[in-house]
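Participant: make a model of this:
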Amino acid sequence: MGDRTVNQQTAAQRLRAAFDAVVETQQPAIAAAADLVVASLRAGGVVQVFGTGHSRSFAMEIAGRAGGLVPANKISITDLVFYGELSPEQVLDPHLERDPSLAASLLAVHDIRPADIFLVCSNSGGNGSTVELARLVKEHGHPLVAVTSMDHTSRIESRHPSGLRLFELADVVIDNRGVFGDAELPLPAGPDGEERGAVLATSTVTSALIAQLLVTEVCGLLLEAGEEVPILISANIPGGDAHNDRLRERYGSRVRSGGP
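Facilitator: Numbering: from 1, shown residues only. Down below sits the predicted model:
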């Protein structure tokens, strides 16, 4: 018989614990990030969101979805195919995110303004493109919020030439409370005692949670101040397209919608 500690009930318990850990420990950091976002919006800024690999899901929770902020723009390595000079084959390289030289090219194909704020999500916080983008962001004076696993990033060496990791560049750091290696539920050893890895990557779930908590906090601050709350509504309900298009018109090419 197999080891039945690896089952959906155990997975649900671990996910619930990770969820609770974020709620119990990260509210001050999320509140600090929300203050920076509101200040940026009031100054006419856009929320620029970046993540590679599975961290792209964090950007998709912030930008371009129902309940998300209209003035939010998702930056993705695939933009270098649609708006830059990379081929689809180059973008399919799983190691591409380690290349620091991508960051300047990515920023160049987006309409970045001085008032913009950057939210950068990376579980490891050590890949070259992520760290270089964060470095350039700070060099140009933008506020930077990092979403990362402090357990993981504190135990690795950066792949960036500077040796820096994402959290070391950020104004606010939000810990997704993921474990080193991300997958949280170890598989039992094989018949010969060999390790078989682990399942249950929690970072996707907790990063989505952080995104939703952050957007909600931002909207609460705007409501409290009696200001407009620029939120997308579902395009799949009557009036959704008209509502969203009207708000998006204000930002033009600064906010790109659709695409992968």
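
Participant: where does G181 fall, phi/psi-wise?
Facilitator: Dihedral angles of G181 (phi, psi; degrees, to the nearest 10) stand at phi 90, psi -10.

Participant: and for the one 10 residues further on?
Facilitator: Dihedral angles phi and psi of P191 (degrees, to the nearest 10) take the values phi -60, psi -30.

Participant: tally of neighbours for it?
Facilitator: 5 (other CB atoms under 10 Å). All C-beta spots, glycine's among them, are computed from the backbone N, C-alpha and C.

Participant: how near is the nearest residue to T148 once chain neighbours are set aside to V109?
Facilitator: The shortest distance from T148 to any non-neighbouring residue, by CB to CB, 6 or more residues apart in numbering, is to G125 (4.2 Å). In this view, G125 and V109 are 24 Å apart by CB to CB, to the nearest Å.

Participant: who has more neighbours, these two?
Facilitator: Under the criterion of other CB under 10 Å, the comparison of G125 against V109 puts G125 first, with 30 against 15.

Participant: which ones are touching that one?
Facilitator: Contact partners of G125, counting by CB atoms under 8 Å, 6 or more residues apart in numbering, are V131, A146, T148, S149, H152, T153, I156, S158, R165, L166, F167.

Participant: in PyMOL, select just the buried ones from these.
Facilitator: Of the contacts of G125, the buried ones go into a single PyMOL selection, burial set by 16 or more other CB atoms under 10 Å:
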select buried, resi 131+146+148+149+152+153+158+165+166+167
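
Participant: which of the contacts of G125 fall in strands?
Facilitator: A146, T148 (DSSP state E).

Participant: and the contacts of G125, which is closest to V49?
Facilitator: Distance to V49 across the contacts of G125 (CB to CB) is lowest for A146, with 11.8 Å.

Participant: so what's the residue count around the closest residue to that closest one other than its chain neighbours?
Facilitator: Setting aside the residues directly before and after it, A146 is nearest to A170 in space (CB to CB, 6+ apart), at 3.6 Å. Here the number of neighbours of A170 (other CB under 10 Å) works out to 23.
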